[in-house]
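[1] I need the structure of the sequence given here:
(one chain, ligands or ions: 1)
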Amino acid sequence: MSELVIETKGLTKEFGSLIAVRDLNLKVKKGALYGFLGPNGAGKSTTIRMLLDLVKPTKGEAYLFNKEIRSHRKEILRRVGALVESPSYYENLTAYENLEIIRRILELDKKEIDKALDIVKLSKWKNKRVKGFSLGMKQRLGIAQALMGNRELLILDEPTNGLDPAGVREIRNLIISLPEIIGATVLISGHILSEIELVADHVGIIHRGNLLFQGTLEELKDMGNREIAIKVQPLLEAEKFLKRKGYNVENREGKLYILGDKINIEELNKELVLEGYGVSHLSENKQNLEEVFLQLTGGIEQ
Ligand SMILES: Nc1ncnc2c1ncn2[C@@H]1O[C@H](COP(=O)(O)OP(=O)(O)OP(=O)(O)O)[C@@H](O)[C@H]1O
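    Okay, here's the model as predicted:
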């Protein structure tokens, strides 16, 4: 069994009568790039705040590196880099000077600054004041701040929020490179499936505080329903025939659709043809990831 870097047990947060996070059992394996996905207001930020001990759970516990965060706060947070909300920096200082402040607080070696700047590809601009930076560059600086000090776990809350497409791509490529470059486990939250899909290998889908799915992207894709579309004449009789045979049949837009994962297309074709039906088209469709996601979250993707 692989080692878990994050594990929550029944993690719950209530704000008055609102249950923002309900009985959450997250499992993030060491080395994973875990996409924590959910529509706005799903409970992602609240969960992340509980992982970092910024918010106290109503019930349940969060374990990072197998230790409970509330009772081992200091030793755990030393191993975790986080970017929650927008990064904070001094606009009038350069990128280098901003990281120098963090270096002093954490009592790190000077070379840590150049290492972090190099990873986020800001070395060229290290002596430029942050106020002239684009939003994407500022976000990269925020990630450099989070990286300082050989962090084993990075938690990035919606790091591409508000960026233009070029900025989104820069941050995406940077995040993808992190597990390999620094060997860290990364948890990234977001509300856009197509974005998370390009980055993550594991996903957790949260909706209205409930974890609806957790596993690999492949496992999520496998949840897609399979259906077979058939153009056949005469349609209504063929529909009755297939229903009699026990198939789950829908009649839509002049075609029959058969739902099910274990249907053998050749067998189906043979059955129809032998019975004298004219089959002019037979194709297999599987729900794509977006359809699976929309089905899980009841059609809400904001
Ligand atoms: N301090 C608070 N007091 C009251 N309600 C809160 C508080 N923080 C969050 N909530 C509510 O809890 C729910 C979950 O919010 P949260 O910010 O965790 O969602 P999210 O998935 O991060 O969404 P977003 O992508 O919009 O940040 C929302 O309904 C939100 O309004």
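[2] which residues sit in contact with residue 275?
    residue 241 (CB atoms under 8 Å, 6 or more residues apart in numbering). C-beta here means a position set from N, CA and C on the backbone, and glycine is covered the same way.
[3] again, but for residue 235
    Counted by CB under 8 Å, 6+ apart, residue 235 has contacts 251, 254, 256.
[4] Looking at these, which is nearest residue 146?
    Using CB to CB, residue 256 comes nearest to residue 146 of those, at 53.8 Å.
[5] Distance-wise, check the closest residue to the ligand within the stretch 101-250 of the chain relative to residue 42.
    At 5.3 Å from the ligand, residue 191 is the closest residue in the stretch 101-250 of the chain, using CB to the nearest ligand atom. Using CB to CB, to the nearest Å, one gets 8 Å for the distance from residue 191 to residue 42.
[6] still on that earlier bit, let me have the contacts of residue 235 in CSV, adding neighbour count as columns.
    CSV is the format used below for those (neighbours: other CB atoms under 10 Å):
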residue, neighbour count
251, 14
254, 7
256, 21
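[7] For beta bridges, what are the partners of the residue nearest the centre of the chain?
    Computing the C-alpha centroid of the chain and ranking residues by CA atoms, centre = their mean puts residue 35 first, at 2.0 Å. When bridges are called by DSSP bridges, residue 35 pairs up with residue 188, residue 203.
[8] Pull out the buried positions in the lengthiest strand in the chain.
    For the chain, the longest strand by residue count, based on DSSP state E, is strand 4-15. Neighbour-count burial for strand 4-15 flags 4-8, 11-13 (criterion: 16 or more other CB atoms under 10 Å).
[9] Same check on stretch 185-199?
    Applying 16+ other CB under 10 Å to stretch 185-199 flags 185-193, 195-197, 199 as buried.
[10] Nearest to residue 295, out of those: which one, please.
    residue 193 (12.0 Å).
[11] residues touching the closest one, list them.
    Residue 193 neighbours (CB under 8 Å, 6+ apart): 37, 289-290, 293, 301.
[12] Out of the buried residues of strand 4-15, which comes closest to the ligand?
    residue 13 (7.7 Å).
[13] Looks like that closest one contacts residue 55 (just checking).
    Yes - using CB atoms under 8 Å, residue 13 is in contact with residue 55, at 6.5 Å.
[14] Quick check: neighbours shared by those two?
    With CB under 8 Å, 6+ apart, residue 13 and residue 55 have common neighbours residue 46.
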